[in-house]
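Novice: fold the stuff below for me.
(chains A and B)
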Amino acid sequence: MDASPAENGSVRSLKAPLLAEALQNLPPDRRVVIIDMGPLRSATLKRLSEWRCRIDILNLWNDAPATASSETRDPQRIVDEFEETLPAQAGEQADLVLCWTYLNYFSIEQIRSLMRPLRPRLRPGGQIHALIDSAAGDMPAIPRALIIDSEWALSWPPSEASRRPTPRHTSDGLQGCFPDFTLERTLLLANGQKELLLTRRGNAP
Amino acid sequence: MFNRRDAARPEADPPRSTGEGRHAPSDQSMIGPSISIEGTVSGSGDLLVEGEVRGKIELKSNRLTIGRLGRVFADVYARKVCVQGQVDGQLIVSEELEILATATIQGTITAPRVSLQDGARFNGTIDMDPASKALKTAFASADPQSPSASGRRDKTGVVNAEN
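Specialist: Residues are numbered from 1 along each chain as shown, chains lettered A, B, ... in the order given. The predicted structure is shown next:
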């Protein structure tokens, strides 16, 4: 296994080989479009600025239009309001979606609903990178604030959120949420999470 | 690991934020907290907004600071922008956008360089492609020597507002 968790002060860091592969797949010589399902983070922005890129920040969980605290957000409400919160596509299709741990916080049916408006936003050959909690029995009650750090690993601060059981989505179950995609690879990481890299089928431009 | 664009980047100017609690340079105009403007704000000097602006801000050769109390519901065209307050609209910046932790931005950002403090709230699109169509279109005539570069120029650097 080539991924291992490491402590760096109070911040945890994890090498994510499939993320590195997805980033390597981004063409260096043309404009690229990246969709980040998470909030805007300075370190990630700095890393992605190495490409001529447009980044759509969806901030799926933290800025969901709900009055509840982030730990008591209703995933179904996020799903119901997701499409109307998407930024304008502006005639461009995305090359990469950074989904990270968000799939853990929705049911299979909710993930299918989330992906419905997202699918046409990806170009053929475009990829989705996701992390699911696979081996651990529980996980933070809210999604971790992941960043791409200076070593191109994923880092996150220790979570003070309460814990909740992991949904233990299977790769096959998730695959059904992405009907136009091929599950390229999955990789079990040392901390019990599983990386997924999906590619939208069709002829790449 | 990747380092694709660093070599092509110009050096950043030293920090020169001029919002709440900081000294404003003498060539900077200010829209104070009790002022609300609806229409187009343009000029050839730097501007600090601590009040409210609705419409459009054109400072294509200059720096705009949206202070902690500033509320901008407008499309903004400027050479450099620092956001500490609230923006809802398009930010089109030819050189550098600085987003501080107190900022709340909703809309579309187009800027070849974006620096960010974590804690800022943003929903929307960030376009950092220096060759983006929006940037080229907005700043096609923004040569500082050109009278048309920054809207209505005047010799004093006073910022003009029109409805």
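Novice: pull the CA atoms of stretch A:123-139 into CSV?
Specialist: Included here for stretch A:123-139 are C-alpha records, laid out as CSV according to Å, rounded to 0.1, in the frame of the first residue of the first chain:
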residue,chain,number,x,y,z
ARG,A,123,-17.0,16.3,-20.4
PRO,A,124,-16.5,12.8,-21.7
GLY,A,125,-13.2,11.6,-20.2
GLY,A,126,-13.8,13.9,-17.2
GLN,A,127,-13.1,12.4,-13.8
ILE,A,128,-14.6,12.3,-10.3
HIS,A,129,-12.3,11.8,-7.4
ALA,A,130,-14.0,10.7,-4.2
LEU,A,131,-13.1,9.3,-0.7
ILE,A,132,-15.4,7.0,1.2
ASP,A,133,-15.0,5.8,4.8
SER,A,134,-14.8,2.1,4.3
ALA,A,135,-13.2,0.2,7.1
ALA,A,136,-13.8,2.4,10.1
GLY,A,137,-16.9,2.0,12.1
ASP,A,138,-17.5,5.7,12.6
MET,A,139,-16.6,9.0,11.0
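Novice: how about it, does it reach chain B?
Specialist: No: with CB under 8 Å from any CB of the partner chain as the threshold, stretch A:123-139 lies outside contact range of chain B, at a closest distance of 15.5 Å. Bear in mind the C-beta positions are built from the backbone N, C-alpha and C, glycine included.
Novice: shaky segments in chain A?
Specialist: For chain A, the stretches flagged by pLDDT under 70 are A:1-10, A:62-72, A:204-205.
Novice: ok, A:Leu118 touching A:Ile35?
Specialist: Yes: if you go by CB atoms under 8 Å, A:Leu118 and A:Ile35 touch, sitting 7.4 Å apart.
Novice: please enumerate the helices of chain A.
Specialist: Counting by DSSP state H, chain A has helices at residues A:17-24, A:42-48, A:75-85, A:108-118, A:171-175.
Novice: can I get the ones you listed in a markdown table with mean neighbour count and distance to A:Gly91?
Specialist: As requested, these are exported to a markdown table (neighbours: other CB atoms under 10 Å in any protein chain shown; distance: least, CB to CB, whole Å):
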| stretch | mean neighbour count | distance to A:Gly91 |
| --- | --- | --- |
| helix A:17-24 | 19 | 23 |
| helix A:42-48 | 19 | 21 |
| helix A:75-85 | 15 | 18 |
| helix A:108-118 | 18 | 16 |
| helix A:171-175 | 14 | 30 |
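Novice: how far away is A:Arg112 from chain B?
Specialist: 24 Å (CB to the nearest CB, to the nearest Å).
Novice: just list the residues touching the closest residue to that residue other than its chain neighbours, thanks.
Specialist: Distances taken as CB to CB, 6 or more residues apart in numbering or on different chains place A:Cys177 nearest to A:Arg112, at 4.5 Å, with adjacent residues excluded. A:Cys177 is in contact with A:Ile108, A:Ile111, A:Arg112, A:Met115, counting by CB atoms under 8 Å, 6 or more residues apart in numbering or on different chains.
Novice: ok, so of the residues you listed, who is nearest chain B?
Specialist: Distances from the contacts of A:Cys177 to chain B were compared by CB to the nearest CB; the smallest belongs to A:Met115, at 19.6 Å.
Novice: residues in contact with that closest one?
Specialist: Taking CB under 8 Å, 6+ apart as the contact definition, A:Met115 lies against A:Cys177, A:Phe178.
Novice: try it again with 10 Å
Specialist: A:82, A:97, A:99, A:103, A:122, A:128, A:174, A:177-181, A:198 (CB atoms under 10 Å, 6 or more residues apart in numbering or on different chains).
Novice: hmm, B:Pro130 is touching B:Lys136, no?
Specialist: Yes: counting by CB atoms under 10 Å, B:Pro130 sits close enough to B:Lys136 to count as a contact (9.4 Å).
Novice: give me the common contacts of those two.
Specialist: Listed as contacting both B:Pro130 and B:Lys136 by CB under 10 Å, 6+ apart are B:Ser94.
Novice: so between those two, which is more surrounded?
Specialist: For B:Pro130 versus B:Lys136, neighbours defined as other CB atoms under 10 Å in any protein chain shown are more numerous around B:Pro130 (15 against 11).
Novice: quick one: that one and chain A, what's the gap?
Specialist: In this structure, B:Pro130 lies at 7 Å from chain A, with CB to the nearest CB as the measure.
Novice: where's that residue, which helix or strand?
Specialist: In this assignment (DSSP states H and E), B:Pro130 forms part of neither any helix nor any strand.
Novice: quick one: stretch A:158-168 near chain B?
Specialist: No: for stretch A:158-168, no contact with chain B is found by CB under 10 Å from any CB of the partner chain; the gap never falls below 15.5 Å.
Novice: and that stretch, what's buried?
Specialist: The neighbour-count criterion (16 or more other CB atoms under 10 Å in any protein chain shown) identifies A:Thr166, A:Pro167 as the buried residues of stretch A:158-168.
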